[in-house]
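Visitor: Take a look and give me a structure for this.
(3 chains)
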Amino acid sequence: MEHLNPEGLRSPPPPASLGQEIYALAERLFPICRSITGDGVRQTLDLLSGQVDLQRHEVPTGTQVFDWIVPKEWNIRSARIAGPDGQTVVDFADSNLHVVNYSVPFKGTLALDELRKHIHTLPEQPDLIPYRTCYYAPAWGFCMAHDRLAKMPDGLYRVEIDAELTYGSLTYGEYLHRGQSEREFLLSAHICHPSLANDNCSGLALLAMLAKSLKAKKTRYSYRFLFAPGTIGSIAWLSRNEDRVHLIDHGLVLSCVGDAARPAYKRSRRGDAFIDRAMAHVLGREAGARLIDFSPYGYDERQYCSPGFNLPVGMFQRAVHGTFPEYHTSADNLDFIRPEHLEDSFRILTEVIDIVEGEWTPLNLFPKGEPQLGRRGLYAALGGQKSSGATSMSLLWVLNLADGRHSLLAMAERSGLPFRELAAAARLLSDHGLLAEAAPRGQPGINLD
Amino acid sequence: MEHLNPEGLRSPPPPASLGQEIYALAERLFPICRSITGDGVRQTLDLLSGQVDLQRHEVPTGTQVFDWIVPKEWNIRSARIAGPDGQTVVDFADSNLHVVNYSVPFKGTLALDELRKHIHTLPEQPDLIPYRTCYYAPAWGFCMAHDRLAKMPDGLYRVEIDAELTYGSLTYGEYLHRGQSEREFLLSAHICHPSLANDNCSGLALLAMLAKSLKAKKTRYSYRFLFAPGTIGSIAWLSRNEDRVHLIDHGLVLSCVGDAARPAYKRSRRGDAFIDRAMAHVLGREAGARLIDFSPYGYDERQYCSPGFNLPVGMFQRAVHGTFPEYHTSADNLDFIRPEHLEDSFRILTEVIDIVEGEWTPLNLFPKGEPQLGRRGLYAALGGQKSSGATSMSLLWVLNLADGRHSLLAMAERSGLPFRELAAAARLLSDHGLLAEAAPRGQPGINLD
Amino acid sequence: MEHLNPEGLRSPPPPASLGQEIYALAERLFPICRSITGDGVRQTLDLLSGQVDLQRHEVPTGTQVFDWIVPKEWNIRSARIAGPDGQTVVDFADSNLHVVNYSVPFKGTLALDELRKHIHTLPEQPDLIPYRTCYYAPAWGFCMAHDRLAKMPDGLYRVEIDAELTYGSLTYGEYLHRGQSEREFLLSAHICHPSLANDNCSGLALLAMLAKSLKAKKTRYSYRFLFAPGTIGSIAWLSRNEDRVHLIDHGLVLSCVGDAARPAYKRSRRGDAFIDRAMAHVLGREAGARLIDFSPYGYDERQYCSPGFNLPVGMFQRAVHGTFPEYHTSADNLDFIRPEHLEDSFRILTEVIDIVEGEWTPLNLFPKGEPQLGRRGLYAALGGQKSSGATSMSLLWVLNLADGRHSLLAMAERSGLPFRELAAAARLLSDHGLLAEAAPRGQPGINLD
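Guide: The predicted structure follows:
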């Protein structure tokens, strides 16, 4: 059996420009008016396909996906409010947040009082435009800065929303990087938000770049990248892939990965899945990182972790959705995300992939007493020093715990040493004939504890 | 199968006078000279029977109850000490704490030095009368303020205790509120203390009022209220009901429930019984409340939790016995307990009963992805708000955890949401056909985890 | 069945001179130049045999012991460096730390630059001589104060190491105190360090005195005392006793037991072995004591806890090796250890032995309700006092937990009371016919949970 080198997968230190590359892609995604259906999603997938060859799926309006029905497709051309003086007060062309997403077409003249019922503002953030949707209700509305609304004089306002709701389809894209095994690591990002940079142009761009970075690599696991509209999109995907979700050994939902907050991981519903332990190990070494227990409010982990699936899918982000003031407002713009934070998120994901790929369970072939490392050149020849370097400690820990019941990740958890060091130590010991594999690992997931 | 409404049991907000009612009853109980046997116990049961129809039991002197034998019955008419000048120094008529409880009859004249051996005071609380007993020893004694003793001049004192120890019986009372099931919730308070208001006129009065409040209600569980002398009383009850203690699914001992301290719960010996979890949930939402591990020192939970029974019985109180300065002294008087604290204790007990009654294990009938709540009017139609209200969170949690392995209390423990909200959410989801019962709950206790 | 008195083993308060006795023995051990083989080890065993009759073992050079081969025996007569002026710069006669332990014989003249490659100093502790070894490399070297090295002028130095490496043997000693059972408590100290007082003259002396103190005692367990060179010595012992290590129920490695630091215990690899729990109980009552998780770096617990054995062996010490500035330097001298600390370590070990010997699992013969302690004179006859003394609490805890599933140590862990008090309570209750043994304890280890 071939001995996979767990380091073989590690990306070389990312080029100085990786963060900029991800940022540049997010920047191109930003202006598009996306929704849960429509041409904005297709344009987004086109852009992402520039990085990696996405397979596009169209699910027709009216299709039953579990408890849901794919709605009519929504597209919008323009929308505006003109004031009593005929001047434009709000224009969709300025920001696609100005229109409540999925507004029905409307044309009419309303008194301000009547119009106000259709206008959403944030009185406590009076200069920001909120983000609102009405996917499953036949409504329409505008979002605007509260300050601007406050200055609107009484009178008649001309409103026009040139949108359409038609029999069409819901669109999602996916890319499968095939590994040695058909068992999968699912990485999923929602594609339905319009001009919100962190939530989730950042996740879309980062995921596309990550998929691209795997292309040239030989991996144990297969990696599935899913770009789908939130909720209905992941539900549609689950509905059409119900027979193969049992292949998913690990999963991550990505959102808000470009801001300045420290990385955060929300555990899967299981709480102790391998992905939960691997993320805890990686974030345990990042100052200020946060681990959050599962809750059924958030992004598409809600669907993957619904009780009928209960998949081992957690969520990675930086600023936690719903808790930062820019969330779902026009302040979640391209200034809110930075190349260095995108690159940092990328690095963390590659570390987790390194663990998923590098995990195995060694068996000490010389388990009675310590084997003599010095004779094999694995130990400083001169004894008595006050401390052994980290590498020596890694060798000792691996030998001590290699009883066939501790995987490398379990060793990392018990020893407090980085997985990377233990993996290197295990490889070195293995090369010197001191370790065997406790069980074949042809199928990933089999010898993971 | 009938769908029990877990809220159906909740008392409407107690009338403004509930605390006063409990207090008034405690006030009437206070002056009676109780002991582990005797007419004081019977008078107390008479008074409590004004609230709820108690069944009275008499266990004859000499009856073997496990390792114990019911002692002779003790009754006292009067007791006094007269000084060298003939003036009364101590009179039982002033306070029934003045005589050591269960003192044998005595008449004689003693020098102060000799008398002192029979007098108990609290030198560190010199103005208070201590409470002392000598149930199983043929002794006699007086209790008095240390200050008073210090002023007693040398000389001869005339002592008279007009008490009697006769072949009689030990008395206890019980009331059974029958529910749908014969499985029981045992609520027990000791009835043996004389004029100590918190310990335990408060517990007796509160328990009688709680029994009264259940009378008109239809419950799943049967509720047994036991008013028995401490230690020997609960041992006698256990001895006479040994064949039915297996019916007890939950139990609480009550004492000291009228003072200003924050509520406290002492866990059962098991530590993780349903009652332990339910009390932890309720007190977890009360600022300053305390959870205390089981120890074999306290009230009758000692007997219920003896290893031969190990019943799921905890103890509820406010100030923890033995830790407040008024404990077992004349300062535990009617000023020490207040209507508002009695009412607060009552409220907490009804919340626990609501949990015991309202507990069930739902099964999500649409477990793959989330069901579409908006279509059913269960969710705000307009998406994108920054936060979902508690009700939405309750709906999502119940749906997510309704895999047949989480009862409502388990959901409350995991989500951190109030049981009440989750029960309301489960009822709403059930009414919309989204939930079924994971298992029939004809017998309470069967589907409780 | 004989009722073992768990207190029977407790030493009477050690004589005022016990610490001095241990110190005096350490003092005699200090000057000897020990190594992993050689006459220094034999002289040390001779001295220890003055306390207890050690069995000496010789394992010939070339013997395979698991992955290791016993090396040639090393003995040294003298070693010195003379400077350009002919004056002696460093002399082994001044301190046996001056020569790298296991240096090959050497005679020659070197320029300072060349000599420096063979000299070890501690630049950050410039007045101290470090301790260095080269057991398995054909090297030689000197250790000296950095200050002294700094003052050495350029020029030619005459070096002479009069040592020899010959076909001989590795020596270790052991003493077995036979108890009622052949099951064993292993106590092991490394004998290979030269003039380092705490590490490990202190451990050797204390262990010899502890063995001596057991001689007159009748114990349940057998106690094996092992004085062997570090690493290769314990590996040799394990190799020659492989068929009987299954008899080891408890074990402790001792080192650094004479300094002023508070006691520390490093758990066995198992982490929850009886010895781990017993040490945690004893140290839990010592202010400032530390419990440290197992790691595979330290002393011979590394070998006993290697995965092929995984014995329940922890390590007891005061200052943790490698963390105090005197460690492995000439400052670890006879001023660094004190009689009172040696005595304190001795006391802690006897407390642990008391637990190992006194452990049993009682069964309450009156498990329904509390038995009436007052009638048996086991309880204050006069009730109502504010608090029960510790002894009453011990009686109540033992009765409550004596369900056959709680050993005395488990009771100590749950109640927070000292093992000693619970053992006394159990004996008292047993004497009054209230307790039986839950299971025969002919074989120690059988009824330990």
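
Visitor: Just give the number of residues close to A:R42.
Guide: Using other Cβ atoms under 10 Å in any protein chain shown, A:R42 has 17 other residues around it. C-beta coordinates here come from the backbone N, C-alpha and C atoms, glycine included.

Visitor: whoops, A:Q55 was the one
Guide: 11.

Visitor: go on, A:S345?
Guide: The number of residues packed around A:S345, counting by other Cβ under 10 Å, is 25.

Visitor: Would you mind naming the helix or strand containing it?
Guide: helix A:339-358 (DSSP states H and E).

Visitor: by contact count, what packs against that helix?
Guide: Contacts of helix A:339-358 with other secondary structure elements, assessed using 3 or more Cβ pairs under 8 Å, 6 or more residues apart in numbering or on different chains; DSSP states H and E, are made with helix A:18-29, strand A:184-190, helix A:203-214, strand A:248-254, helix A:274-283, strand A:313-317, helix A:419-431.

Visitor: hmm, try it at 6 Å
Guide: helix A:18-29, helix A:203-214, helix A:274-283 (3 or more Cβ pairs under 6 Å, 6 or more residues apart in numbering or on different chains; DSSP states H and E).

Visitor: tilt between that helix and helix A:419-431?
Guide: Between helix A:339-358 and helix A:419-431, the angle comes out at 30 degrees (axes from the mean of the first three to the mean of the last three Cα atoms, to 10 degrees).

Visitor: and the next element down the chain from helix A:339-358?
Guide: In N-to-C order, the element after helix A:339-358 by DSSP H and E is strand A:362-364.

Visitor: and whatever residue of chain A ends up closest to chain C, what does it touch?
Guide: With Cβ to the nearest Cβ as the measure, A:P367 is the residue of chain A nearest to chain C, at 3.2 Å. Contacts of A:P367 were listed using Cβ atoms under 6 Å, 6 or more residues apart in numbering or on different chains, and they are C:P307, C:G308.

Visitor: what secondary structure does it sit in?
Guide: Secondary structure, DSSP: H, G, I helix; E, B strand; the rest coil: A:P367 is coil.

Visitor: Return the distance of it relative to chain B.
Guide: For A:P367, the distance to chain B equals 38 Å [Cβ to the nearest Cβ, to the nearest Å].

Visitor: my guess is A:E326 meets A:F336, correct?
Guide: Yes - with contacts defined as Cβ atoms under 6 Å, A:E326 counts as touching A:F336 at a distance of 5.4 Å.

Visitor: count of neighbours near the residue lying closest to A:C192 once chain neighbours are set aside?
Guide: Take A:C192 and drop its neighbours on the chain: the residue closest to it by Cβ to Cβ, 6 or more residues apart in numbering or on different chains is A:P229, 3.7 Å away. The criterion is other Cβ under 10 Å. On that basis, A:P229 has 25 neighbouring residues.

Visitor: got a pLDDT number for A:L399?
Guide: What the model reports as pLDDT for A:L399 is 97.

Visitor: Can the helix or strand hosting it be said to contact chain C?
Guide: Element membership of A:L399, judged by DSSP H and E, is helix A:390-401. Yes - applying Cβ under 6 Å from any Cβ of the partner chain, one finds helix A:390-401 touching chain C at A:L396, A:W397, A:N400.

Visitor: what does the next helix or strand after that helix contact?
Guide: Once helix A:390-401 ends, the next helix or strand along the chain (criterion: DSSP H and E) is helix A:408-415. The contact list for helix A:408-415, computed with Cβ under 6 Å, 6+ apart, reads A:R277, A:H281, A:E359, A:W397, A:L401, A:F419, A:L422, A:A423, A:D449.

Visitor: which intervals of the stretch 251-400 of chain A have sub-threshold pLDDT?
Guide: Scanning the stretch 251-400 of chain A for pLDDT under 70 picks out the ranges A:380-390.

Visitor: how about the residue of it found nearest chain B, what does it touch?
Guide: With Cβ to the nearest Cβ as the measure, A:G308 is the residue of the stretch 251-400 of chain A nearest to chain B, at 3.2 Å. If a contact means Cβ under 6 Å, 6+ apart, then A:G308 has B:P367, B:K368 as its contacts.

Visitor: how about it, secondary structure?
Guide: Assignment for A:G308 (three-state DSSP): coil.

Visitor: Give me every residue in the stretch 201-350 of chain A lying close to chain B.
Guide: Counting by Cβ under 6 Å from any Cβ, the residues of the stretch 201-350 of chain A that sit close to chain B are A:I235, A:L238, A:P296, A:Y297, A:Q303, A:S306, A:P307, A:G308, A:G322, A:H328.

Visitor: residue contacts, the third one?
Guide: Contacts for A:P296 were tallied using Cβ under 6 Å, 6+ apart; they are A:R302, B:L396, B:W397, B:N400.

Visitor: Which secondary structure element is home to it?
Guide: Taking DSSP H and E as the criterion, no element holds A:P296; it sits outside all helices and strands.
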